[in-house]
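Peer 1: Sequence and predicted structure below; questions after.
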Amino acid sequence: MTFALTPCRTQAFVVAIGMALSVTGATRASAEALLLVDAESGKVLHAENATYPWYPASITKIMTAYVTLRAVKERRLTLDTLLTVSPNAAAQAPSKMGFAVGTTVTVDNALKMLMVKSANDIAVVLAEGVAGSIEQFADEMNRAARRLGMTQSSFVNPNGLPSELQITSARDMAILARAVYRELPEYELYWRVPAIKFGKRTMRNYNTLIGRYEGADGLKTGFICASGFNLVASATRDGKRMIAVVLGAPSSPVRAAKAAQLLERGFSGGMLSWLTPSLGTVDALQPIDAAPPNLRDDMCGKHRKRPAAEDEEEDATVASGLDSGSPHAFMLSNLRGSIAKPSTLLGPIQDTMPAVVVHAGPPKKPGAPAPQFAVAGAPKPTTRGLAPAAAESPPGGSIATEEATPAPRRAKKQAVAVPKTAAPKTATPKSTAAPKTAAAPKATAAPKTTAAPKAAATPKTTATPKTAAAAAPKSAAPKATPPKPQQ
């Protein structure tokens, strides 16, 4: 019995071999790690260097937010609890909010700043607020990691700034992402805020999949020179959530492209699942005992035209997306019919929610339900940084008072003007006298004494100088004439 390899079977066979190569760790030279996991079951759909130790950079902040929200859930503090910026927090390196020492911020606003702006100073504010110090908070992070089975992770700070002791892996970050959605479903919005608005500044999330990739709903990016560009991303379609982890990408656009292609494979897969080997669950992936790669020369070496940065703009690298020499790229190149190019997967920004208003200081409405997500809808209140609870209520604050104060003034002016409009009945003859050019120049040419005795002869002339004062407000400014020009 012979087995004929049709073009379809050949393509499937090639794909299966490519996936097998990616699992064996044959891509160590590619200096990146890729992992795709079904969030519900934990089933591994693709793994490439997934258990190599890696420097996490700012994806550390997923654990920082997780520990903080667990503390909120355990009622050790609330989302309205005020935290104070310490000298240690203010001294952190960028990216940061840059608050002065002594500034206060609620846990709710701090979490939004942490996840969107990736603020290193705010990470320390949260750590000190929850546990009293960075060291004690790091102990809580490590206890949480051990409880979740993150056997390759160790944390010494809450923001991911460079440290040889701050280590994780793609496997461990996928485990953490699953725990976030499983244990803290009521706080899901924190992971997918597209942008925050602080005063007049609007800061977009560094996770460029949010608002650009269909169904994207989390989680966090990270970058230091030693780690390369990292991303833990999630997306949900038709009730099915996928989690993709990308570590060590060469740029921010490529990082997003790789994650989008992994997620797309998860949503469009199944056609060739009978050919692909079972990779088990993410918890069952075997850790590798090795030192994490240091990508400093690749990321920040002199060969780069400009230093790598977290907020890199998209460039031509998005079009390629993947290293053509990696088995993963080899595998995806044979699935052109089912997986779209990165340029089509990442569309223009279409936010599912407006920018979220954040501010320093206490909440505007203490005790409001949590979590609160203030929407920057009205243009005027945003410059004041409305609190979440205040922004959810009808925008009555400054806008209502600005519109309410002129209204009574106008009413008063109209009330004063009513008798005045009744008094200057002499104005009606002046309207008839208006066409008389001789009378007009006489009145304007000089305040003749002939007009003055007329004003003295008749009491009504008191109204006529008032009308004259209305015509020339400079001479009658001290009198009760200001309301007339405003009419």
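Peer 2: Yep, that arrived.
Peer 1: average pLDDT for stretch 356-369?
Peer 2: The pLDDT scores in stretch 356-369 average 79.
Peer 1: what about the strands in the stretch 51-200 of the chain?
Peer 2: Counting by DSSP state E, counting those that start in this stretch, the stretch 51-200 of the chain has strands at residues 82-84, 104-106, 195-198.
Peer 1: Where does Leu45 fall, secondary structure wise?
Peer 2: Assigned by DSSP states H and E, Leu45 belongs to strand 44-48.
Peer 1: Could you export that strand as CSV, CA atoms only?
Peer 2: C-alpha atoms of strand 44-48 as CSV (Å, rounded to 0.1, in the frame of the first residue of the first chain):
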residue,chain,number,x,y,z
VAL,A,44,-0.4,24.6,24.4
LEU,A,45,-1.0,25.3,20.8
HIS,A,46,2.5,26.5,19.9
ALA,A,47,5.8,26.6,21.9
GLU,A,48,9.2,27.9,20.9
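Peer 1: Tell me if I'm right that Leu231 and Ile59 touch.
Peer 2: Yes. Counting by Cβ atoms under 8 Å, Leu231 touches Ile59, with 7.4 Å between them. Bear in mind the C-beta positions are built from the backbone N, C-alpha and C, glycine included.
Peer 1: list the contacts for Leu45?
Peer 2: Applying Cβ atoms under 8 Å, 6 or more residues apart in numbering to Leu45 gives the contacts Leu36, Val37, Asp38, Met242, Arg265, Gly266, Gly269, Leu279.
Peer 1: Dihedrals phi and psi, the fourth one?
Peer 2: Translated: Met242. Backbone torsions for Met242, taken as degrees, to the nearest 10, come to phi -120, psi 150.
Peer 1: And it, how far from Asn109?
Peer 2: Distance, Met242 to Asn109, by Cβ to Cβ, to the nearest Å: 30 Å.
Peer 1: out of those two, which sits in the busier spot?
Peer 2: Per other Cβ atoms under 10 Å, whichever of Met242 and Asn109 has more neighbours is Asn109, with 29 against 24.
Peer 1: What confidence value was assigned to that one?
Peer 2: 98.
Peer 1: I'd like to know the average pLDDT value across stretch 156-166.
Peer 2: 97.
Peer 1: Show me which residues of it are buried.
Peer 2: For stretch 156-166, the neighbour count (16 or more other Cβ atoms under 10 Å) marks Val156, Asn157, Pro158, Asn159, Gly160, Leu161, Ser163, Gln166 as buried.
Peer 1: Report whether the expected contact of the fourth one with Leu126 is present.
Peer 2: What that stands for is Asn159. No. Asn159 lies out of contact with Leu126 (Cβ under 8 Å); the separation is 9.5 Å.
Peer 1: Stretch 173-193: end-to-end distance?
Peer 2: End-to-end distance for stretch 173-193, by Cα to Cα, to the nearest Å: 20 Å.
Peer 1: Quick check: Ala119 touching Ala93?
Peer 2: No. Taking Cβ under 8 Å as the definition, Ala119 is not a contact partner of Ala93, at 11.0 Å.
Peer 1: Neighbour count: the two, which is higher?
Peer 2: Ranked by neighbour count (other Cβ under 10 Å), Ala119 and Ala93 place Ala119 first, with 28 against 10.
Peer 1: quick one: contacts for the more buried one?
Peer 2: Counting by Cβ under 8 Å, 6+ apart, the residues that Ala119 touches are Ser95, Lys96, Met97, Met113.
Peer 1: remind me which residues of the chain are low pLDDT?
Peer 2: Within the chain, the stretches with pLDDT under 70 are 1-30, 270-276, 305-343, 365-487.
Peer 1: rerun at 80
Peer 2: Along the chain, the model assigns pLDDT under 80 to residues 1-30, 269-278, 303-352, 364-487.
Peer 1: before we move on, the earlier item: any common contacting residues for Ala119 and Ala93?
Peer 2: With Cβ under 8 Å, 6+ apart, Ala119 and Ala93 have no common neighbours.
Peer 1: ok, back up a step: where neighbours are concerned, which of the contacts of Leu45 has the most?
Peer 2: Ranking the contacts of Leu45 using other Cβ under 10 Å puts Val37 first, with 32 neighbours.
Peer 1: Now do the SS call for that residue.
Peer 2: Assigned with DSSP: H, G, I helix; E, B strand; the rest coil, Val37 falls in the strand class.
Peer 1: In this structure Leu263 contacts Ala233, no?
Peer 2: Yes. Between Leu263 and Ala233 there is a contact at 6.6 Å, judged by Cβ under 8 Å.
Peer 1: Determine the residues that are contacts of both of the two.
Peer 2: Leu209, Ala216, Ala244.
Peer 1: Could you tell me which of the residues you listed are located in helices?
Peer 2: Among the shared contacts of Leu263 and Ala233, the subset assigned to helices under DSSP state H is empty.
Peer 1: filter these to the buried ones?
Peer 2: In terms of neighbour count (16+ other Cβ under 10 Å), the buried residues within those are Leu209, Ala216, Ala244.
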